[in-house]
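Asker: Got a predicted structure here, sequence first:
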Amino acid sequence: MSTTPPAIPIILDCDPGHDDAIALLLTLASPEVELLGVTTVHGNQTLEKTTANALRVLDLVERGDVSVAAGADRPLVRDLTVASHVHGESGLDGPTLPPAGRAALDEHAVDYMERTIAASAVPVTLVPTGPLTNIALLLERTGGANVERIVLMGGAIAEGNMTPAAEFNIWADPEAAQVVFSAPIATTMIGLDVTHRAVTTPALQERLAATGPVGAFVADLVAFFAVYHRETYGWDGAPIHDAVAVAHVIRPGLVTTVDRNVEVELGSELCRGRTVVDLWRRTGGLPNADVGVDLDDVGFFELLVERIGRLP
Ligand code: BDR
Ligand code: CA
C-alpha cells in the first residue's frame, strides 16, 4: 500500500517580481509542500513594493492566513539596485491588483525565519528567489540550524542577464551569495542555464488563461514579463525562473543537477556576482552545491498549468 509522503515545510524568500508571484502561486497550489511563510527582500523593486506585492498576490487567492515578514531593504555591502527595467515601477506591472488588504508582520524576516525554523518539528527547506541578503543574515545568526536544504534561483554556469557575466539575484548581493555557498548546508542552484529553458509560448499563455481567473492573472503577468525578454532575446515569451526552483522541490527529477564547486566573484566590477561553477572539475575545489544543468521543460509547464488551474 503506497502512502503519501508528508508535506515538505518550506519558506519562500522572494522579491515579487512576476516570476516570484508565479512561484508563490505554484507553492500554494501544491500539496507536496507546506508553506510556513513568505519572507521578502529588496530586489526586483524596493522592499516596500516587493512586500506589498507578496501580500497582494496572497489576497488574490484569499490566503490572508499566510504570514508575510519583510526583511532586508538593501544588500549586505553594495548599493541597492532594483530591476524596474524588467518588472516595472511596481515590481509587478501588467495585471491590475488592488492594494494589499493587510500589512506584513511586525517582525523582521530574519527573526521570523529563526523563530519559525526553530519551532518546526521537521527541518525546513528554504527557497530563495531573490537576492540572498535575508538568507545570509539567517545563516550568520543560526549557522543554518534545522534547515534541511536551500534551493535557490540564482546564478548561472555560462549565462548572464544583469551583466554579461552575472545573473541578477547573485549580482545584486554577491557577498550574501558567497555566505550561502560557503555554508555547510545542502544547496541547489537553479541558474539561468536551466531557467532559460522554461520560456513560455503564446500557446501556453492561452492554456494558463483558460484555467480560470488565477490562470488569467498569471497569463497577464507573463505578457508583461515577456516584453523585456522579447526586446532582449527575441523570445516570444518569458522564462519563469523562480517557479523552477519551487518545481524542483515539488517534483524531483524535472531538473537535472550535478554536484560541483561554486564560488562567487566579489573582487572585480566586470565579473561582479558571477557564479564560477567548476563544471569540469578544474580546481579540486570540493562540491558545495547541486547545480542545475537541464530541465524537462514539458514536464515543468504541465505541472505549472495543472497546479495554477487548481487555485480558486
Ligand atoms: C531573477 O531575477 C529576477 O528578475 C527574477 O525574479 C529572478 O528571480 C532572474 O535573474
Ligand atoms: Ca525573483
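Answerer: Right, received. Where do you want to start? Ligands and ions are numbered 1, 2, ... in the order given.
Asker: Number of residues surrounding the residue of the stretch 201-312 of the chain found nearest ligand 2?
Answerer: Among all residues of the stretch 201-312 of the chain, residue 242 sits closest to ligand 2, at 4.8 Å; criterion: CB to the ion. To be clear about C-beta, it is placed using only N, CA and C from the backbone, and glycine gets the same treatment. Around residue 242 there are 33 other residues, counting by other CB atoms under 10 Å.
Asker: which residues touch the closest residue to residue 185 other than its chain neighbours?
Answerer: For residue 185, ignoring the flanking residues on the chain, the nearest one in space by CB to CB, 6 or more residues apart in numbering is residue 144 at 4.4 Å. With contacts defined as CB atoms under 8 Å, 6 or more residues apart in numbering, the neighbours of residue 144 are 138, 183-185.
Asker: so residue 144, which of the three states?
Answerer: Using DSSP: H, G, I helix; E, B strand; the rest coil, the structure places residue 144 in coil.
Asker: can you give me the strands in the stretch 1-150 of the chain?
Answerer: 8-14, 33-40, 68-70, 124-128, 147-153 (DSSP state E, counting those that start in this stretch).
Asker: Quick one: buried ones out of the contacts of residue 144?
Answerer: 138, 183, 185 (16 or more other CB atoms under 10 Å).
Asker: and which of the residues you listed is nearest ligand 1?
Answerer: Lowest distance from ligand 1 to the buried ones among the contacts of residue 144 (CB to the nearest ligand atom) belongs to residue 138, with 18.4 Å.
Asker: now, which of the contacts of residue 144 lie within helices?
Answerer: Counting by DSSP state H, those place residue 138 in helices.
Asker: shaky segments in the stretch 1-150 of the chain?
Answerer: 1 (pLDDT under 70).
Asker: Tell me which stretches of it form helices.
Answerer: Counting by DSSP state H, counting those that start in this stretch, the stretch 1-150 of the chain has helices at residues 18-28, 47-60, 84-87, 109-119, 133-142.
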